[in-house]
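# Quick one, what's the 3D model for this:
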Amino acid sequence: MREVYFDTETTIFRFCHDDVVGRLSYYESTLGSTEATTLRHLLSHSDHSIIIPREHYRFAYLALDLIEQRKGVVYCKACKRYYVAKELKRVVVGHGGSPFSLNVKVGGRLRRLSKKGRLPAFGGKRYRCPGAHDLIGLVTWKT
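Now for the predicted structure:
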């Protein structure tokens, strides 16, 4: 079975080739046509497992999405252990996974923020291993 590896400073991600190719079409608009075309070329011209080069740092968004779908295996370099995606703990970054998931009371706080013109500026997701080491964390939205 062909696999796709993505190595970062703290983690090595391992995904099934078909899962990555299946999600890549969704990310072509996000990653940009040049980077997506390069990734598609890398993935389609190899009959063996492949390591995504570090210069394709935006592949991390695709990796985060696959982890969220509970796909893949993660190697935590701090623990020196492998974890399947379902074992990872999700942590909120900033103001949450979506600007629509803000949990701000309509009473005083939202009114004060909107009067000053400062609404929450960013949010995202982070995953940690059972040993509480950060594996991946990204800002997924900004206002």
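# From the chain's centroid, how far away is the longest strand belonging to the chain?
Ranked by residue count under DSSP state E, the longest strand found in the chain is strand 134-142. Relative to its chain's centre, strand 134-142 lies at 6 Å (Cα atoms, centre = their mean, to the nearest Å).
# and that strand, which residues are buried?
Under the neighbour-count criterion of 16 or more other Cβ atoms under 10 Å, strand 134-142 has 135, 136, 137, 140, 141 buried. All C-beta atoms are positioned from the backbone trio N, CA, C, and that covers glycine.
# Give me the contacts around that strand.
If you take Cβ atoms under 8 Å, 6 or more residues apart in numbering as the criterion, strand 134-142 is touched by 8, 10-11, 13, 60-61, 63-64, 67, 74, 76, 88, 91, 93-94, 97-99, 121-129.
# how about the CA coordinates for the helix with the most length in the chain, as CSV?
Determined from DSSP state H, the single longest helix within the chain is helix 17-31. Extracted C-alpha coordinates of helix 17-31, given in CSV (Å, rounded to 0.1, in the frame of the first residue of the first chain):
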residue,chain,number,x,y,z
HIS,A,17,-2.2,7.7,-0.6
ASP,A,18,-5.8,7.4,-1.6
ASP,A,19,-7.0,9.5,1.3
VAL,A,20,-4.6,12.3,0.4
VAL,A,21,-5.5,12.3,-3.2
GLY,A,22,-9.2,12.3,-2.3
ARG,A,23,-8.8,15.5,-0.2
LEU,A,24,-6.4,17.2,-2.5
SER,A,25,-9.1,18.3,-5.0
TYR,A,26,-10.9,20.1,-2.1
TYR,A,27,-7.7,21.9,-1.2
GLU,A,28,-6.7,23.0,-4.7
SER,A,29,-8.5,26.3,-4.3
THR,A,30,-6.9,26.8,-0.8
LEU,A,31,-3.3,25.8,-1.6
